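> here are the coordinates; sequence isn't available:
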C-alpha cells in the first residue's frame, strides 16, 4: 500500500546507521561483521550524521517555501511582503496630556509648542532611567481665559536626530538606519507621527506603498516608506516611480527611539513641565514652568514589540484576504486587530441583526472592539454592581472612535457606514470538583487549576461571539502545551479527576437558542438552570471570568 508520507521525513541518525548496517549485511564481506570499535563503524556514523543534517536542511527548506509552515523570521517576513503586508517594528506608547496655564498670557495670545520637544515622566524603566515622551508636530494655539487648559498628544520615546544624508548614501534606493529600537507607527494618517524626513528642508510624506491608485497621493511624488526589514533593521525606501533624492540633496531624519511595551506608564505620571515648552508669540518669551501644570489623565496605550512569526502570518493572511477592502466581517476584524491598541474586534450587519431584512440596517456595519488597555482614552469602565471582581464598559472615547473611523475610511465600501457598539463583558463562574493524586498537595494543584482557568479567560485567548463549553475548558486546563509566558502550570499534572458541576452567567439572562437576546444556549430547547450547557455569546459580547465566585472543592 502506498504511503502518503515520504520516508525521508523520518530519516534520523539512528535509522540511517541501522539501514546502512542492514545493507552491508547483505554482502559476503560484512555478513557477520562486528562493528564495535571498527573503522567502518566510524565511517557509517559519519555518513549517518551527514545524512541527518541533509535531511534536516531539506525539510527546513521545504517548510519555508510556504508561509503556512514557515518558521524562520526572515522568510516569513519575505513571504508576507510578497503578499502585500509589511511587518511592523516597535510601536511607541501614546497618550494625551492635559496642560493648564495659570499665568503669563492673556486671552488671544498665540502659543507655540515645538515639534520633537522632550517631556519627562516620573516613571522609570528597568534601568532606573526616567521614561521620556515627546511631541511629534508643532502646535499653535490661541489662548483662552485663565486658567487655560488644552490637550497635547505625545508619544513615548527619545528624540533622535540622525544627522544629514545625501542620495549618495542610498543602496538600491534604500537607506539603512543605525540599529536602534525606533517607533514604527501603525497608522500613517495619524498626525502623532514617529518619524520626520526632510529633503532640502522640505518635509516629505510617508506612505504605505508607492502605487498611485492605492496611496491617494497621485499629485505628491515626494514620498518615502519607513520599513522594518527581514533582518529587523529600520530603513527608508524611495521609489523611481516617484522621486528619489540625488547626491546633491540634503536629507535629515528625526525619529523617536522607543521602549515599546516597556514604555507604558500609568495615569498621572507625566507631571513635569519642561523648560522652554510653551512659547508665547505675543510676549516673545517662554512661559514659566511654575505657571504650567501637566498631567496625563489616562494611562498610555498603543505600544507593542515587533511582530513575531505568528503575528505576521495572521496579519498577512488577513491583508491578502481583504485585498485592501473591508467588505466582510473578517476584513473588518483583521484590519482593526492589526492596530496596536486593539486586542479583539468583531463586525456584524443586517443579516445577523434581522435575517428577514430590515431597511434601517441597510449598509450599516456594527463594530465592537476590546482595547489592549481600558481607559478614558479608549473605553472607560466602572466597577460592576453584580460581579465583585469585574468591570463594566460605559463609554467609548469619542476621539478614539473618530481615529478608528479615519483608520477604516480608506478601505471601506462607499455605501457602508459604521455604528460603534459598546462591548458587553459576560461574566462566567464555575463550580468544579477536583481530586488530586496522592503525591500532590491539593492547595497547590487547586491554585494551578484556578490560574489555568484565569488564563483561559484572558482576553488574549478569547474572542467575541464565542461558544463557551465546559469540554473545551477541560481540554484547555489539562493540556500541558497550553501555558502562558510566565506560568507553566506544572501542578496540573497532579489532577486525578476534574469535574465541572455547574456553569453560571452572572450578569445576563440566558435565553433559549433563537431568542432575540443573548447569551443563548446552542441547544434547541432548555429547562431549568444552565448546568453544563454550551452557551453561545452575542455578536457584541465578550467572555470574562469571575474568579471570586468560582468554586473549586476537593473530591474524595
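That came through fine. Note that the coordinates shown come from a computational prediction; the quantities given were computed from them, not determined experimentally. Numbering: from 1, shown residues only.

> what are the contacting residues of stretch 547-556?
The contact list for stretch 547-556 (C-beta atoms under 8 Å, 6 or more residues apart in numbering) reads 387-389, 429-436, 442, 446, 449-450, 453-454, 497, 499, 506. (C-beta placed from N, C-alpha, C; glycine too.)

> go through the residues you listed and flag which are in strands.
In this view, the contacts of stretch 547-556 that belong to strands under DSSP state E are 429, 430, 431, 432, 433, 434, 435, 436, 497, 499.

> quick one, which of the residues you listed are buried?
The neighbour-count test (16 or more other C-beta atoms under 10 Å) applied to the ones in strands among the contacts of stretch 547-556 identifies 429, 430, 431, 432, 434, 436 as buried.

> could you check the pLDDT of residue 529?
At residue 529, the model reports a pLDDT of 55.

> next one: the one 4 residues further on
Residue 533 carries a pLDDT value of 76.

> same question for the one 10 residues further on.
Reported pLDDT at residue 543 in the predicted model: 93.

> which residues does it bridge with?
The partner list for residue 543 in beta bridges (DSSP bridges) reads residue 426.

> just give me the neighbour total for it.
23 (other C-beta atoms under 10 Å).

> so residue 131 belongs to a helix, correct?
No: Residue 131 sits outside any helix when classified using DSSP: H, G, I helix; E, B strand; the rest coil, being strand.

> ok, residue 384 - contacts?
Residue 384 neighbours (C-beta under 8 Å, 6+ apart): 390, 391, 392, 427, 507.

> rerun at 6 Å
390, 391, 392 (C-beta atoms under 6 Å, 6 or more residues apart in numbering).

> neighbouring contacts of the one helix or strand residue 477 maps to?
Following DSSP states H and E, one finds residue 477 within helix 470-478. Under the contact criterion C-beta under 6 Å, 6+ apart, helix 470-478 has outside partners 452, 456, 482, 500, 503, 532.

> report the mean per-residue pLDDT for it.
Helix 470-478 shows a mean pLDDT of 92.

> also stretch 425-437?
Across stretch 425-437, pLDDT averages out at 92.

> what's in contact with it?
Contacts to stretch 425-437, defined as C-beta under 6 Å, 6+ apart, come from residues 387, 390, 442, 445-446, 494, 496-497, 499-504, 506-508, 519, 537, 541-546, 549-553, 555.

> now do the residue positioned nearest the centre of the chain against residue 389, distance only.
A centroid search over the chain (C-alpha atoms, centre = their mean) returns residue 340, at 4.8 Å, as the residue closest to the centre. Separation of residue 340 from residue 389 (C-beta to C-beta, to the nearest Å): 27 Å.

> and residue 349, by the same measure?
34 Å.

> these two: who's more crowded?
Legend: neighbour count by other C-beta under 10 Å for residue 349 and residue 389, higher for residue 349 (19 against 14).

> where does this structure have low pLDDT?
Scanning the chain for pLDDT under 70 picks out 1-10, 37, 186-191, 211-219, 321-323, 354-359, 414, 510-531.

> so which residues of it form helices?
Ranges of helices in the chain, per DSSP state H, are 13-24, 39-63, 73-82, 212-215, 309-322, 329-337, 350-353, 398-408, 442-456, 470-478.

> so which of these is nearest residue 31?
Among the helices of the chain, the nearest to residue 31 by C-beta to C-beta is helix 13-24 (8.5 Å).

> got the buried residues for the closest one?
Buried residues in helix 13-24, counting neighbours by 16+ other C-beta under 10 Å, are found at 16, 17, 20, 21.

> for these, which two are the farthest from each other?
Top of the distance list for the buried residues of helix 13-24 (C-beta to C-beta): 16 and 21, 9.6 Å.

> so residue 67 touches residue 81, yeah?
No: the pair residue 67 and residue 81 fails to qualify as a contact (C-beta atoms under 6 Å) at a distance of 10.7 Å.

> out of the two, which sits in the more crowded spot?
Legend: neighbour count by other C-beta under 10 Å for residue 67 and residue 81, higher for residue 67 (20 against 16).

> what is the neighbour count of the nearest residue to the more buried one once chain neighbours are set aside?
Distances taken as C-beta to C-beta, 6 or more residues apart in numbering place residue 79 nearest to residue 67, at 4.2 Å, with adjacent residues excluded. Residues within reach of residue 79, counting by other C-beta under 10 Å, total 20.

> and residue 79, how far is that from residue 235?
To residue 235, residue 79 is 19 Å away according to C-beta to C-beta.

> same thing with residue 305?
Using C-beta to C-beta, residue 305 is found at 19 Å from residue 235.

> same check on residue 327?
33 Å.

> next: residue 422.
Distance from residue 422 to residue 235, by C-beta to C-beta: 41 Å.

> over to residue 118?
For residue 118, the distance to residue 235 - C-beta to C-beta - is 25 Å.

> go on, residue 44?
Going from residue 44 to residue 235 by C-beta to C-beta gives 49 Å.

> more neighbours: which of these two?
Higher neighbour count among residue 44 and residue 235: residue 44, with 20 against 15, using other C-beta under 10 Å.

> ok, and the closest non-adjacent residue to that one?
residue 20 (5.0 Å).

> tell me how the chain divides into domains.
Here the domain parsing of the chain from automatic domain parsing is 7-63, 94-157+262-295, 159-257, 323-420, 425-554.

> looking at the ones you listed, which is closest to residue 310?
For the domains of the chain, proximity to residue 310 was assessed by C-beta to C-beta; domain 425-554 is nearest, at 11.9 Å.

> that closest one: end-to-end distance?
30 Å (C-alpha to C-alpha, to the nearest Å).

> show me what contacts residue 199?
By C-beta under 6 Å, 6+ apart, residue 199 lies in contact with 245, 249, 251.

> next step: the residues you listed restricted to strands.
The strands, defined by DSSP E, take in residue 251 from the contacts of residue 199.

> quick check: the gap between residue 145 and residue 281.
Distance from residue 145 to residue 281, by C-beta to C-beta: 18 Å.

> could you do residue 498 as well?
To residue 281, residue 498 is 70 Å away according to C-beta to C-beta.

> look at these two and report which has more neighbours.
Legend: neighbour count by other C-beta under 10 Å for residue 498 and residue 281, higher for residue 498 (19 against 11).

> who's that one bridged to?
Applying DSSP bridges to residue 498 yields these beta-bridge partners: residue 434.
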